[in-house]
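Engineer: after the sequence you'll find the predicted model.
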Amino acid sequence: MGELREAIIIRLAIWLKAATKDFPFTINDFLYNIRQIRCCLGGRV
């Protein structure tokens, strides 16, 4: 289940970067911040 969640998050980050040319962040920035948010929520996300 965790691998599926990671795959979805990575694909979301790639899609977001491709869909919005003016998005000022890199895919790595997005993935890092998602992990930080998950950590703050106690790993529930």
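Structural biologist: Good, I have the coordinates.
Engineer: so what pLDDT did the residue nearest to residue 34 when sequence neighbours are not counted get?
Structural biologist: The spatial neighbour of residue 34 that comes closest, neighbours along the chain excluded (CB to CB, 6 or more residues apart in numbering), is residue 9 at 5.7 Å. (Each C-beta comes from the backbone N, C-alpha and C, glycine too.) Per-residue confidence for residue 9 comes out at a pLDDT of 83.
Engineer: ditto for residue 30
Structural biologist: In the predicted model, residue 30 carries a pLDDT score of 79.
Engineer: if we can go back for a sec, C-terminal to the helix or strand the residue nearest to residue 34 falls within, what's the next element?
Structural biologist: Assigned by DSSP states H and E, residue 9 belongs to helix 2-19. Following helix 2-19 in sequence order, the next helix or strand is helix 27-40 (DSSP H and E).
Engineer: buried ones in that following helix?
Structural biologist: By neighbour count, with 16 or more other CB atoms under 10 Å as the criterion, the buried positions of helix 27-40 are 27, 30-31, 34.
Engineer: so which elements touch the helix holding residue 9?
Structural biologist: helix 27-40 (3 or more CB pairs under 8 Å, 6 or more residues apart in numbering; DSSP states H and E).
Engineer: closest to the centroid, which residue in this structure?
Structural biologist: Closest residue to the average C-alpha location of the chain: residue 31 at 3.8 Å, with CA atoms, centre = their mean.
Engineer: show the pLDDT at the residue nearest to it when sequence neighbours are not counted.
Structural biologist: Closest residue to residue 31 in three dimensions, ignoring its sequence neighbours and counting by CB to CB, 6+ apart: residue 13, at 5.5 Å. What the model reports as pLDDT for residue 13 is 83.
Engineer: burial of residue 13, as a residue count?
Structural biologist: Residues lying near residue 13 (other CB atoms under 10 Å) number 19.
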